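Asker: sequence? don't have it. structure:
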């Protein structure tokens with residue numbers, strides 16, 4: 001199985017998940033989990049998707065400062081690091097949920113909050129895939 005990179009948009013209730021192959025690098029929404037079961041769900045998903053890395057969206061306010069949600073995302077990432085055996089990266093997630101909702105509205109189809117969360121994770125992953133940090137990581141794993 002080809003390796004992938006997973007991304008999560010961690011929320012208090014739900015966490016959106018996206019995936020992209022390390023070779024094709026085309027992110028897509030994958031699923032949404034209840035955040036209270038995230039550790040177990042991500043552990044299984046890392047194995048099922050042959051994940052080489054996990055990206056955690058890092059929410060900040062518009063001034064770039066940490067918020068309560070930033071601290072929650074960091075704490076969740078620390079728990080994930082302890083539960084899985086792959087690198088965990090952070091990616092700024094500024095306005096990704098708003099962008100995801102606008103994109104879904106533009107499609108003119110009905111959608112749920114879970115759809116917004118999974119698409120927001122896709123946007124987070126897309127930003128990470130274009131980052132110097134991702135390029136360095138992919139070079140390290142020789143892709």
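Answerer: Arrived safely, thanks for sending. Everything numeric in this text was worked out from a predicted model, so none of it was measured. Residues are numbered from 1 along each chain as shown.
Asker: Could you look up the next helix or strand downstream of the host helix or strand of residue 33?
Answerer: Under the criterion DSSP states H and E, the helix or strand holding residue 33 is strand 28-34. Beyond strand 28-34 in the direction of the C-terminus, DSSP H and E gives the next helix or strand as helix 38-48.
Asker: Between strand 28-34 and that next one, find me the angle.
Answerer: Direction vectors for helix 38-48 and strand 28-34, defined by axes from the mean of the first three to the mean of the last three C-alpha atoms, to 10 degrees, enclose an angle of 150 degrees.
Asker: Spit out the contact partners of residue 116.
Answerer: Shown in contact with residue 116 (C-beta atoms under 8 Å, 6 or more residues apart in numbering): 16, 97, 100-101, 104. The C-beta positions use only the backbone N, C-alpha and C, and glycine is treated the same way.
Asker: my read is residue 89 is in a strand, agree?
Answerer: Yes - assignment of residue 89 by DSSP: H, G, I helix; E, B strand; the rest coil places it within a strand.
Asker: where do the helices sit along this structure?
Answerer: Taking DSSP state H as the criterion, the chain contains helices spanning 38-48, 68-83, 96-107, 113-129, 132-140.
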